[in-house]
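Enquirer: here is a sequence with its predicted model. Questions after.
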Amino acid sequence: MRQLGLNTTPCVAVASLVHQWEPRFKLVGLLGLIVAVANVTDRRLIPVILAIAVAMYALARLPLSFWCDRLRYPGFFLMGMVVALPFLTGKTVVWQWGWLSLRTEGLWAALLITSRFITIFTLGLVLLGTTPFLSLVKAMQQLGLPTLLTDMLLLTYRYLQDLAEHLSKLQRSAQLRGVGKQGTIARLQLLAALSGSLLVQSYDRSEDIYRAMRLRGYGHLRRSAAAPISVDVGSAIGLGLSLLTAGGLIAAEWLLNHVQGNA
Amino acid sequence: MTQTEARPLENLPDSNPDCAIAVQGVQFAYSTRGVTLDSISFVVQPGERVGLVGANGCGKTTLLLLLCGALAPSAGQIRLGLRPLTPGNFYPEVGFVFQNPDDQLFCACVCEDVAFGVQNLGLTAAQVEERVARAMAQTEVAHLADRPPHHLSGGEKKRVAIAGILAMQPQLMLLDEPTAQLDPRSRRQLIQLLHRLPQAQIIATHDLDLTLELCSRTIILSEGKLVYDGDTASILSEADRLEQYALEAPLSYRRAYCNLDDRPSQG
């Protein structure tokens, strides 16, 4: 597992406008865009949402390799979701080979889903790739997310790395004792045993951590996350533009559906 | 303190309002095991450093967890001065340093971790900052302020964990195996740090050399019972008696490794 620092961005920090965007404004702005993109069902808006993704990624000045690297595994998931659609959905056949028929409606559906997925994924990357994780969690807290949830988020993130490290130690220890030469069933049994061991040890560990937190007064006093809101003009303009774009997308979607409905 | 066997309950100075902690007839059993601790009684005075030793599984950590209110005794009483300790309540005057610092250091950076407990005391931001700065200076970890705790070395983690406790300004510190898994230099730094601290300390450890160096008084637990409470130097010089409790005399009391007489003859 790639080791990510809590205070650092997962890729090389560059001085782009998006990097300098105040985390609370950035979070609201990008989430607004994501919601609007998720709402798109009209295929005529596909170029628009893809343009938004390209523009935001270019503004963030993140390297293309970062995008390709991160898309690899979600890409497999996406392929699994959409690859069958053109063959199963719709009635208008555009190409046929024996029993295999390629249908127009399925193609459009696959294209729409893929475009939405890629746009949302890119916007998510822009958010996570330009904001240190800790700043993001603090922004959520300052926007009113309960402390309990943000604490859980931080602890999960913090200890996921520890767990991954622990799992790799267990695997190494198993390899040093000759594991790897058995068949698939034996390997699966080993994986189950390692996961079980990790689960039990993690549970014990979480009890110790919670005890350490309680002993230092966790829950004794309601901690305030309120921070003075300093509005810098650039961030406010960024937020305004994002929300305007998001609103425009929602309005366009409604209008296109409405016009189509009336027609 | 004179060398004594486990002192009977009736001899405890019950009404001493100044003691750091008083333990009277404490008993504890885990639901899955038999009695873990049986009729434990002792008093620790302010500023006193007490070594808590015994074989693995004799109940040292359990006793420390009882002393900070993380576990509830099935019988007996624990008092901080004259105030009874209620299990589950928050007592900033008692600080617990865990054996594994990774269990204690859960924040994103060192300074946040040191501030964690202080922020729960309801102090102003300036007071929190002042206490954090002082604790970090005391433990010599100020230069690590912005580092993530899980990227520190073992010795650094221990000192940061102690800083987090010191920032709460406790009267009593409970340290569970403070020198476990430390290299010699980190161990020495830790001993020097503990030596400088004015707080009463109960140090659960297998490191009898540390006990000899830091603690004038030692408590020995064996199979859940307090079998010795008295002078450290006296008990640690009794190798046969230590062996009864599955302990071994500290290296400082044994034959030197590099005695000149043992030097191999040069061919």
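Expert: In hand now; what should we look at?

Enquirer: residues in contact with the host helix or strand of A:Leu102?
Expert: Counting by DSSP states H and E, the element that carries A:Leu102 is strand A:100-103. For strand A:100-103, contacts defined as C-beta atoms under 8 Å, 6 or more residues apart in numbering or on different chains pick out A:Pro86, A:Phe87, A:Leu88, A:Thr89, A:Gly90, A:Lys91, A:Thr92, A:Val93, A:Val94, A:Trp95, A:Gln96. Where you see a C-beta, it was placed from the backbone N, CA and C, and this is true even at glycine.

Enquirer: which residues does the spatially closest residue to the last one that is not a sequence neighbour bridge with?
Expert: To tie it back to what came earlier, the one meant is A:Gln96. Closest residue in space to A:Gln96, ignoring its immediate chain neighbours: A:Leu102 at 7.3 Å, by C-beta to C-beta, 6 or more residues apart in numbering or on different chains. As for beta bridges, A:Leu102 partners with A:Trp95 under DSSP bridges.

Enquirer: so for stretch B:25-33, mean pLDDT?
Expert: Averaged across stretch B:25-33, pLDDT comes to 88.

Enquirer: hmm, that stretch in reach of chain A?
Expert: No. Stretch B:25-33 stays clear of chain A (C-beta under 8 Å from any C-beta of the partner chain), getting no nearer than 13.3 Å.

Enquirer: flag every buried residue along that stretch.
Expert: Applying a neighbour-count criterion of 16 or more other C-beta atoms under 10 Å in any protein chain shown, the buried positions in stretch B:25-33 are B:Val26, B:Gln27, B:Phe28, B:Ala29.

Enquirer: ok, so of these, who is nearest chain A?
Expert: Distance to chain A, by C-beta to the nearest C-beta, is smallest for B:Phe28 among the buried residues of stretch B:25-33, at 15.5 Å.

Enquirer: need the pLDDT of residue 112.
Expert: Since you didn't name a chain, this refers to chain A. Looking at A:Leu112, its pLDDT stands at 93.

Enquirer: ah, no, chain B please
Expert: pLDDT at B:Glu112 comes out at 87.

Enquirer: what distance do you get for it to A:Leu143?
Expert: 20 Å (C-beta to C-beta, to the nearest Å).

Enquirer: out of the two, which sits in the busier spot?
Expert: With neighbours defined as other C-beta atoms under 10 Å in any protein chain shown, B:Glu112 and A:Leu143 compare such that B:Glu112 has more, 21 against 13.

Enquirer: sticking with that one, tell me its helix or strand.
Expert: According to DSSP H and E, B:Glu112 maps onto helix B:110-119.

Enquirer: helices or strands next to that helix in the packing?
Expert: helix B:125-138, helix B:154-166 (3 or more C-beta pairs under 8 Å, 6 or more residues apart in numbering or on different chains; DSSP states H and E).

Enquirer: could I get these as TSV with mean pLDDT and distance to B:Gln244?
Expert: Shown next, in TSV, are the helices and strands packed on helix B:110-119 (pLDDT from 0 to 100; distance: least, C-beta to C-beta, whole Å):
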stretch	mean pLDDT	distance to B:Gln244
helix B:125-138	94	39
helix B:154-166	94	31
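
Enquirer: out of those, nearest to A:Leu188?
Expert: Closest to A:Leu188 of these is helix B:154-166 (C-beta to C-beta; 35.8 Å).

Enquirer: ok, now which ones touch the residue nearest to B:Ser186 when sequence neighbours are not counted?
Expert: Using C-beta to C-beta, 6+ apart and skipping residues adjacent in sequence, the residue nearest B:Ser186 is B:Gly155, 2.7 Å away. With contact set as C-beta under 8 Å, 6+ apart, B:Gly155 has these partners: B:Leu182, B:Asp183, B:Arg185, B:Ser186, B:Arg187, B:Gln189, B:Leu190.
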